[in-house]
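Participant: Just a sequence and a predicted model for now, questions to come.
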Amino acid sequence: MAKQVWRRGRIVLAGICGVIALTLLAMWGCGTSGYDNPAAAVVTTKTATAMIQASDLKQWMDAGLVNKAGGYDRVVILDVSPNPTATSTDDSTNAYNTVGHIPGAQLISAGSSAFVDNTRAEGPMSITGSMVCTGATMDALIQKAGIDAHTTIVLTTNSTSALNLTRAYTTFRYWGFPKNRIKVLQGGNVGWTAAGYALSSEVPTIQKSTYGVAQNGTTNVNTDMRVSLGEMIAYVKGIVAGNADRVYILDTVRPATQISSTTDLLAPASPAVFTPFEGAVKGSYRYPLANVVTGLTFKTADEIKAAISAAVGGDNTTTIGDANRDSAKTIITMCRAGNNASQAYFALDGIAYYNSNVDVKWYDGSLGQWNLMASSDHTALNGANAGGKLAVGSIWDTTSLMDNLTWNVDLGKTIVSYGSRIFGVEPSFADGNQIEAADKAYRSTVTGPTGGSASSGGGC
């Protein structure tokens, strides 16, 4: 009898061990090894912030993580560099092939423009410039680059501006990629060579992925980090009403005069045409881009935070201060077209507040959108019509939410005629967040290497 009990106990114990083993195997397949469990990996892509040094990337390269076939802790390097022009010496494709690139890096030759869409509707506008790109655009890019759910993306550039890196970072964040899977290389390609590492002329062969940003009935789009026009209006009204929600807006392009000059985002550069008005968004603070980055070199977390405290308000005197900065619940970055704002967004989201409860947000519409929001009955100081095109009494009119409101007609500037971009019937605030509504509804169409249907890469 005792032997039978003992045998049954052994069988039960073996069964329990088998279940545990299968459970551990399943957990391993779903991400508890490698990246998610550093103890199980010799080399991990976990870092203290989203900013990495050349030595970090070299370590991952030496460990065979760059462009490796599948698994956790695989790394893809994207060289996000600007498009060449017919007369430009900054020919990104030529530089990638002749000057060279970081070994294994893939060229995104459109630079920041690869992550921008100039056809999207938002609020009362049927077409808005420089907005976040669509899910279809992201799917094409990430599949060509071989990115899947377990890829760590390293962003670098051969240009001299960090906006190519940060516009990409910000867009990946919007489309659901967690910040611990996106890295920005300090100094870009220059930082790589300055560390003593060589460039390569060899173009890597990449196996396309079958991953999409929104498939299997689910989208991971992170609409919380992006501020739509309607949301921005609500935030500013809340600040004017006393700022009970502790929201701070950082304007990265406002000059010391507190009056920005905003050309239209969709009109040709020459001759220049301008938005109807200028000034400073009420409750916003001047936060020059030099506070976060010089060229391709980003400041430290302490320097970025100190500059937030010193940011100056619309009266050119009041600063945010340490107490307000430290009690902030939400910080919004803005500029003219979303690019400089993306640099500040990365500095805060990826460095200063990498492990923090502060909610960092990005207003991609920025002044290029905001400063168009004037109804058609506004008159400039010189008596001329101010050039607004919204319906009289429009809920989208933002002119009352400006400090130092200045009509560009009074400054002798030509105002863009944007009436053709306005909906005949303006939507309500509830219906005016068209970009994020479309992106939430988007579903990826993913095909495998042979053209057949395929599932998400690496998901459980």
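Facilitator: Looks like it arrived, so ask away.
Participant: all contacts plus neighbour counts: C-alpha atoms, from now on.
Facilitator: Noted.
Participant: What helix or strand is N324 located in?
Facilitator: Per DSSP states H and E, N324 falls inside helix 321-327.
Participant: so what strands line up beside the helix or strand following that helix?
Facilitator: On the C-terminal side of helix 321-327, the closest following helix or strand by DSSP H and E is strand 330-334. Here strand 330-334 is paired, per DSSP bridges, with strand 247-251 (parallel), strand 359-362 (parallel).
Participant: avg pLDDT for strand 330-334?
Facilitator: Averaging pLDDT along strand 330-334 gives 98.
Participant: Equivalent analysis for stretch 67-82, please.
Facilitator: Per-residue scores along stretch 67-82 average to 90.
Participant: cool, stretch 251-262 as well?
Facilitator: The model assigns stretch 251-262 a mean pLDDT of 86.
Participant: Show me what counts as buried in that stretch.
Facilitator: Buried positions in stretch 251-262, judged by neighbour count with 16 or more other C-alpha atoms under 10 Å: D251, T252, V253, R254, Q258, I259, S260, S261, T262.
Participant: Quickly name whichever of these is closest to T294.
Facilitator: T252 (13.4 Å; C-alpha to C-alpha).
Participant: so can I have TSV of the buried residues of stretch 251-262 showing distance to N243 and secondary structure?
Facilitator: As requested, the buried residues of stretch 251-262 are exported to TSV (distance: C-alpha to C-alpha, whole Å; DSSP: H, G, I helix; E, B strand; the rest coil):
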residue	distance to N243	secondary structure
D251	17	strand
T252	21	coil
V253	23	coil
R254	21	coil
Q258	21	coil
I259	23	coil
S260	24	coil
S261	27	coil
T262	27	coil
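Participant: contacts for the helix holding N324?
Facilitator: R246, A306, I308, S309, A310, A311 (C-alpha atoms under 8 Å, 6 or more residues apart in numbering).
Participant: Could you pull up phi and psi at the first one?
Facilitator: Listed backbone geometry of R246 is phi 60, psi 60, with angles given as degrees, to the nearest 10.
Participant: right, and it touches I332 too?
Facilitator: No. R246 is beyond contact range of I332, at 11.2 Å (criterion: C-alpha atoms under 8 Å).
Participant: Looking at these two, which has the bigger crowd around it?
Facilitator: Comparing R246 with I332 by neighbour count (other C-alpha atoms under 10 Å), the higher total belongs to I332, at 24 against 15.
Participant: Check whether Q106 really touches D79, as I assumed.
Facilitator: Yes. Q106 is in contact with D79 according to C-alpha under 8 Å; the separation is 5.7 Å.
Participant: Which one's more surrounded, those two?
Facilitator: D79 (27 against 23).
Participant: This protein: helices as residue ranges?
Facilitator: 2-27, 54-62, 92-94, 135-144, 163-174, 188-194, 229-240, 301-310, 321-327, 339-346, 366-370, 434-441 (DSSP state H).
Participant: Mind listing what's buried along the second one?
Facilitator: Along helix 54-62, the positions that meet the burial threshold by neighbour count (16+ other C-alpha under 10 Å) are A54, L57, K58, W60, M61.
Participant: Name the surrounding residues that touch that helix.
Facilitator: Residues from elsewhere that reach helix 54-62, judged by C-alpha under 8 Å, 6+ apart: V43, T44, T45, V66, V75, L185, Q186, G191, W192, A195.
Participant: Residue ranges in the stretch 351-460 of the chain under the pLDDT threshold?
Facilitator: Filtered on pLDDT under 70, the stretch 351-460 of the chain yields the residue ranges 447-460.
Participant: could you redo the last one with a cut-off of 80?
Facilitator: 446-460 (pLDDT under 80).
Participant: Buried ones in stretch 65-72, by neighbour count?
Facilitator: So, applying 16+ other C-alpha under 10 Å, buried residues of stretch 65-72: L65, V66, N67, K68, G70, G71, Y72.
Participant: Can you give me every residue that contacts the residue nearest to the spatial centre of the chain?
Facilitator: Closest to where the C-alpha atoms of the chain average out (C-alpha atoms, centre = their mean) is T170, at 1.0 Å. Going by C-alpha under 8 Å, 6+ apart, T170 touches S342, Y345, F346.
Participant: what do you get if the cut-off is 7 Å, keeping everything else the same?
Facilitator: Listed by C-alpha atoms under 7 Å, 6 or more residues apart in numbering, the contact set of T170 reads S342, F346.
Participant: C133 versus that one, what's the distance?
Facilitator: 11 Å (C-alpha to C-alpha, to the nearest Å).
Participant: Equivalent analysis for S261, please.
Facilitator: 25 Å.
Participant: Quick check: G212 touching L141?
Facilitator: No. Contact between G212 and L141 fails when scored by C-alpha atoms under 7 Å: they sit 9.9 Å apart.
Participant: Between the two, point out the one with more neighbours.
Facilitator: Taking neighbours as other C-alpha under 10 Å, G212 and L141 compare with G212 leading, 27 against 17.
Participant: re earlier: of the buried residues of stretch 251-262, which is the nearest to L411?
Facilitator: Using C-alpha to C-alpha, S261 is the member of these that lies nearest L411, at 10.5 Å.
Participant: CA-only coordinates of the helix holding N324 in PDB, if you can.
Facilitator: Coordinates of each C-alpha in helix 321-327 appear next as PDB, following Å, rounded to 0.1, in the frame of the first residue of the first chain:
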ATOM      1  CA  GLY A 321      10.100  77.100 -11.700                       C
ATOM      2  CA  ASP A 322      11.200  73.900  -9.900                       C
ATOM      3  CA  ALA A 323       8.000  73.500  -7.900                       C
ATOM      4  CA  ASN A 324       5.600  73.700 -10.900                       C
ATOM      5  CA  ARG A 325       7.900  71.500 -13.000                       C
ATOM      6  CA  ASP A 326       8.000  68.800 -10.300                       C
ATOM      7  CA  SER A 327       4.300  68.900  -9.800                       C
END
